[in-house]
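**Q** Pasting the sequence and the predicted coordinates here, then a few questions.
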Amino acid sequence: MAARDPAAFADVLSRERSAEAAIYRGDPGPFKELWSHGDDISLFGAFGPCKKGWHQVGKTVDWVASRYREGVVTAEYEVVHEGADLAYTVGYETGEVVLDGAPVTRQRLRVTQIYRREDGQWRLVHRHGDFAPADQSPP
C-alpha cells in the first residue's frame, strides 16, 4: 500500500481546477496531463457515449476543448474522498461559457471523477459529466 500524503490529493484538485479552466478556454493540455494513459480509463462525458482507453479519451478531450472559447467555470465539490490508492470527487462545474461560437450561456454540469494512485501520483481514470437537471426534490 502506498504511503498517504494528505497534501498530494489537495494538490491534484488544485491542478484539476486549473485544467478545467483551461478546457473552457479551448486548451486541452493541462486536463490531459491529469489522466492515466491506460487502456482501462473511461470518459462518460456530457456530449456523447462512453469512451474507453487513452486513445479514445485523449481524442475526445481535444474535441471537447475545441468547442469552447472564453469560458469561466468554477468547480464546486459536494464530496471529496481520498483512500489509500483510489479517490473520487462529486460535484458541479458551473459558469459562463461560449460553446460552438454561440453567445455566452450559463452551463452547469454534474461531475464525478475517479482517481487512482500510479507511481506515487494521482491520475484521473474516470470522469462522468452530464448537464444538471432542474432540482425536483421536495423542499
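**A** Nice, thanks for sending it over.

**Q** what does whichever helix in the chain runs longest rub up against?
**A** In the chain, taking DSSP state H as the definition, the longest helix is helix 6-23. Contacts to helix 6-23, defined as CB atoms under 8 Å, 6 or more residues apart in numbering, come from residues 28-31, 33-34, 61, 64-65, 68, 72-73, 75, 77, 80, 82, 87, 89, 93, 113, 115, 121-122, 124. Bear in mind the C-beta positions are built from the backbone N, C-alpha and C, glycine included.

**Q** for this structure, what spans make up the helices?
**A** Secondary structure of the chain (DSSP H): helices at 6-23, 29-33, 53-67.

**Q** Export the ones you listed to CSV and append columns for distance to Gly45 and mean pLDDT.
**A** Converted to CSV, these look like this (distance: least, CB to CB, whole Å; pLDDT from 0 to 100):
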stretch, distance to Gly45, mean pLDDT
helix 6-23, 11, 88
helix 29-33, 12, 97
helix 53-67, 6, 97
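
**Q** just to revisit the earlier point, going through the contacts of helix 6-23, which ones are buried?
**A** Buried members of the contacts of helix 6-23, counted by 16 or more other CB atoms under 10 Å: 28, 31, 34, 61, 64-65, 68, 73, 75, 82, 87, 89, 93, 113, 115, 122, 124.
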